[in-house]
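**Q** Quick check, what structure comes out for this input:
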Amino acid sequence: MISSAWTPHAERQFRKLPLAVQRHILKKLDYFLVAPDPLHFAESLVGREGHFRFRIGDYRVIFVYEDDRILILAVGHRREIYRA
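**A** So this is what the prediction gives:
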């Protein structure tokens, strides 16, 4: 199983989401992380070397994969997550 860590920015974004969405995201992340190859469920981001995203319904989880660990950088709705 791959471990995960959250940046403070991602934690703040996550806590602002509705509780039902938070539960759904955590459930899917657990599913992805126990898989033999979690990157099978991810897509790389164009223009951001080494950054990936999980698609969870209308929400996206942006992360980097390093040393058998996923560092979650951002969480948000698909219409807002790629801005900035």
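
**Q** Tell me which stretches of this structure form helices.
**A** 8-15, 19-34 (DSSP state H).

**Q** hmm, who's touching the longest one?
**A** Judged by Cβ atoms under 8 Å, 6 or more residues apart in numbering, the contacts made with helix 19-34 from elsewhere in the structure are 1-4, 14-15, 17, 38, 41-42, 54, 56-57, 59, 61, 70, 75. All C-beta spots, glycine's among them, are computed from the backbone N, C-alpha and C.

**Q** Among those residues, which lie within strands?
**A** 3-4, 42, 54, 56, 59, 61, 70, 75 (DSSP state E).

**Q** Tell me if I'm right that residue 45 and residue 62 touch.
**A** Yes: counting by Cβ atoms under 8 Å, residue 45 touches residue 62, with 7.1 Å between them.

**Q** what touches both of these two?
**A** With Cβ under 8 Å, 6+ apart, residue 45 and residue 62 have common neighbours 51-53.

**Q** before we move on, the earlier item: who has more neighbours, residue 45 and residue 62?
**A** Between residue 45 and residue 62, counted using other Cβ atoms under 10 Å, the more crowded position is residue 62 (22 against 16).

**Q** what's around the residue nearest to that one when sequence neighbours are not counted, how many residues?
**A** Distance criterion Cβ to Cβ, 6 or more residues apart in numbering; nearest residue to residue 62, sequence neighbours excluded, is residue 74 at 4.2 Å. The number of residues packed near residue 74 is 20, by other Cβ under 10 Å.

**Q** ok, now residue 52?
**A** Using other Cβ under 10 Å, residue 52 has 19 neighbouring residues.

**Q** cool, the one 5 residues further on as well?
**A** Neighbour count for residue 57, taken as other Cβ under 10 Å: 11.
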